[in-house]
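> Mind looking at a prediction? Sequence and model below.
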Number of protein chains: 2
Amino acid sequence: MIDLETIRDCYISTPSKIVLLVVDGLGGLANPDTGRSELESARIPNLDAMAQQSACGLTTPVLPGVAPGSGPGHLALFGYDPLKYMIGRGALEGLGIDMELKPGDVAARGNFCTVDHRGMLTDRRAGRIPSELSEPLCRRLDQITVPGAELSVLPVESYRFVLRLRSPGLSERITETDPQQVGVPALAVQPLDHNAEKTARLVNQFVEQARQMLAEEERANMVLLRGFAQLPSLPPMGDVYRLNPAGIAAYPMYRGLATVAGMKIIATGHTFGDEVETLREHYKQHDFFFIHYKPADAAGEDGNFAAKVKRLEELDPFIPQIRELNPDVFIVAGDHATPAIMAAHSWHPVPFMLHSKLTRGEGVPRFNERACAQGSLGRIPATQAMLLALAHAGKLVKYGP
Amino acid sequence: MIDLETIRDCYISTPSKIVLLVVDGLGGLANPDTGRSELESARIPNLDAMAQQSACGLTTPVLPGVAPGSGPGHLALFGYDPLKYMIGRGALEGLGIDMELKPGDVAARGNFCTVDHRGMLTDRRAGRIPSELSEPLCRRLDQITVPGAELSVLPVESYRFVLRLRSPGLSERITETDPQQVGVPALAVQPLDHNAEKTARLVNQFVEQARQMLAEEERANMVLLRGFAQLPSLPPMGDVYRLNPAGIAAYPMYRGLATVAGMKIIATGHTFGDEVETLREHYKQHDFFFIHYKPADAAGEDGNFAAKVKRLEELDPFIPQIRELNPDVFIVAGDHATPAIMAAHSWHPVPFMLHSKLTRGEGVPRFNERACAQGSLGRIPATQAMLLALAHAGKLVKYGP
């Protein structure tokens, strides 16, 4: 598969501006009662009007049949081959709580759990204890020190936390401690290669201290760790594409993904309206903006068809506000589909539209799965969206004489 | 990406005949005033009639968003991965003036330029001197000799010429002499690796002699060289596909590209009518013909929408003349789009149709971008066009037992 570095000599810097709006979980499937998808059911006159003047198509996030997580879904839209670059579970979990991750840091997803007097697991999630109980425990775990490393523990929610190790020469190549069953003890961490021996030792020291520290707790009396991960080393998209890219996202995980891709994060508020306001205020300072709309995905994951329709309708009035800025290229894309009837991320191709001064007369009547399938772009890998964005913005010059 | 060698064991030789008509810059974009592209605006009843009985689709020359030069555009249609094989600027320029290039030769694009008495550049194009002035200068430069190499200088037009070096052990891995700005001297050539030291020395000797030879000229008193390139070593398409391929093109560059792909060039006249006549006369002698129609691209590059429409209409009456030969496979394709509204090569998928005895009833009502998007072939990489041609001609046998 190609990625952003395939033709890197063809990118040039120009003053033109690109706005990439990622609607999380944009695509959907027909409601069996009506035969219409969420987008087909929604009243979205502004998205429809934009589709009529855009190059439309469908993006495949990873491969047909492959439902992506948020990481691969976004990296692909930024131009990174998601089969080549993977953000591991622990690192993504850290990004999701705004935890600072530096190159080399190892992050793990932690669970509080319950063990009996022999150390055998009785509940891998410690009765899903509420955050009010787990947060003070995280603050205590955060005090643990081991020689030769800096440790940090931050709460996520309920029984979940993130452990970060910082030290020279760490490796993510270690086994997990969660045996994925009860009635057995937590596993010791094993290194998967020689370079990981130090990391394994440090983690086992942390777990031993955590066990002692939590011994008197009723439910959360032990920890499990999995998804050890370091941030992948991605070529910064700004360098490769010769852009000055910025990310605007109300949710921390998406800020984290933008950071990993080398974007500058612009602080914003908690709503999409705040994000659009932030875009407007900083519009002069960058030539590429990633802006993220979360609510559609959340409704889809809840399996709430009507709510997802509503979230798409709530997005619609913001489209003219962004178009008023008159970006040279304005893209509405999705990181993946989240069909409400599946209540999960899915593999289905995702509606995509790109508006530029070259796309007039090229469009389809509406913005939805069926209409975009008839669009001039056809079906493209999501990794190729940025090539189209750069081409329409005049930032991608001819290949070969 | 696949290329012609991917399944080379499946090609067989048969008496069936393939004609590949490449309409340079075939694809276009909607005129904002009418909403119709050049092909949609043109009266092309013969192309439309053929589309109705053809397998139709759209080809992507290199990648979405990537506008190809003539080299990558044609190599892709011949089945060569354009990301793998690149014909450099100097070599393509040489092919464009019918200069003979052998394997190992290094060609460069040359500019006459103007320098002041201190050797500082004052005009990188020597006031765009007319060919009447530059051609005698080229004949003088052509007399330069350097020990250990054969040099040749041929005029292109105005201030442009091609330098060819022939000697064992040359390399294209040398820097350019054009500093891309005035007020500074021309740069000396530097080798980019050890194997290029001899080439760099030879080129610097040529430049020094050219400087002395031109010193008394008013405007064209120095030369700049760039785009040093050797021909890539392509597996000859005749050998790989087991064809006896011929190229017919009125313009030298396209004859050159056909030569690079290993086709035999058949001499022809200056018009497309001449080319069709040549095809007819030599029809018995080959089983594959590449025939090239240039005028549509030139009109598109000029940004002249009406002229491009006209050039497509002028092509149309030749379609029945070619069909009368009754080729087993007749393809109408484009090396890239040249939308008049962009006045440049573009990245847009290009209309494609393939007619064979197997495609009756498969077609679309017209031959244009929108209709072909609905065709049975969908969107394919241009590199796969030859696979379809060979298959429809019965020259591509089953893969695997």
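Looks like it arrived, so ask away. Numbering: from 1, shown residues only, chains lettered A, B, ... in the order given.
> what's near enough to touch whichever residue of the stretch 101-250 of chain A sits closest to chain B?
For the stretch 101-250 of chain A, the residue closest to chain B is residue A:241, as judged by CB to the nearest CB, at 11.5 Å. For glycine as for every other residue, the C-beta is placed from the backbone atoms N, C-alpha and C. By CB atoms under 8 Å, 6 or more residues apart in numbering or on different chains, the residues touching residue A:241 are A:4, A:11, A:79, A:288, A:386, A:390, A:395.
> What residues are recorded as beta-bridge partners of the second one?
For residue A:11, the beta-bridge partners are residue A:396 (DSSP bridges).
> That one: neighbour count?
Neighbourhood size, residue A:11 [other CB atoms under 10 Å in any protein chain shown]: 19.
> neighbour-wise, which of the contacts of residue A:241 leads?
In the contacts of residue A:241, the most neighbours by other CB under 10 Å go to residue A:386, 29 neighbours.
> for that one, helix, strand, or coil?
At residue A:386 the chain is in helix, as set by DSSP: H, G, I helix; E, B strand; the rest coil.
> Show me what counts as buried in stretch A:312-328.
Using 16 or more other CB atoms under 10 Å in any protein chain shown as the test for burial, stretch A:312-328 gives A:312-316, A:318-319, A:322-323, A:327-328.
> so which of these would you say is closest to chain B?
residue A:328 (14.1 Å).
> Skipping adjacent residues, who's closest to the closest one in space?
residue A:16 (3.9 Å; CB to CB, 6 or more residues apart in numbering or on different chains).
> Show me where the stretch 101-250 of chain A has its strands.
A:106-115, A:121-123, A:150-155, A:160-166, A:222-229, A:245-248 (DSSP state E, counting those that start in this stretch).
> Name every strand pairing with the first one and say which way it goes.
Think strand A:106-115. strand A:121-123 (antiparallel), strand A:160-166 (antiparallel), strand A:222-229 (antiparallel).
> Deepest-packed of the strands of the stretch 101-250 of chain A, please.
strand A:106-115 (a mean of 26; mean count of other CB atoms under 10 Å in any protein chain shown).
> Quick one: work out the angle between it and strand A:150-155.
60 degrees (axes from the mean of the first three to the mean of the last three CA atoms, to 10 degrees).
> And the average pLDDT for strand A:106-115 is what?
For strand A:106-115, mean pLDDT rounds to 96.
> Now render the strands of the stretch 101-250 of chain A as TSV, adding distance to residue B:258.
Shown next, in TSV, are these (distance: least, CB to CB, whole Å):
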stretch	distance to residue B:258
strand A:106-115	57
strand A:121-123	72
strand A:150-155	65
strand A:160-166	61
strand A:222-229	52
strand A:245-248	43
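> Tell me which of those strands approaches residue B:92 most closely.
strand A:245-248 (34.2 Å; CB to CB).
> could I have that closest one exported to CSV, CA atoms only?
Only the C-alpha atoms of strand A:245-248 are listed here, as CSV (Å, rounded to 0.1, in the frame of the first residue of the first chain):
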residue,chain,number,x,y,z
PRO,A,245,-0.8,21.5,10.1
ALA,A,246,-3.0,22.0,13.1
GLY,A,247,-5.5,19.8,15.0
ILE,A,248,-8.6,20.9,16.7
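> which strands and helices sit next to it?
For strand A:245-248, the elements it packs on are helix A:252-260, strand A:264-265, helix A:272-281, strand A:288-293, judged by 3 or more CB pairs under 8 Å, 6 or more residues apart in numbering or on different chains; DSSP states H and E.
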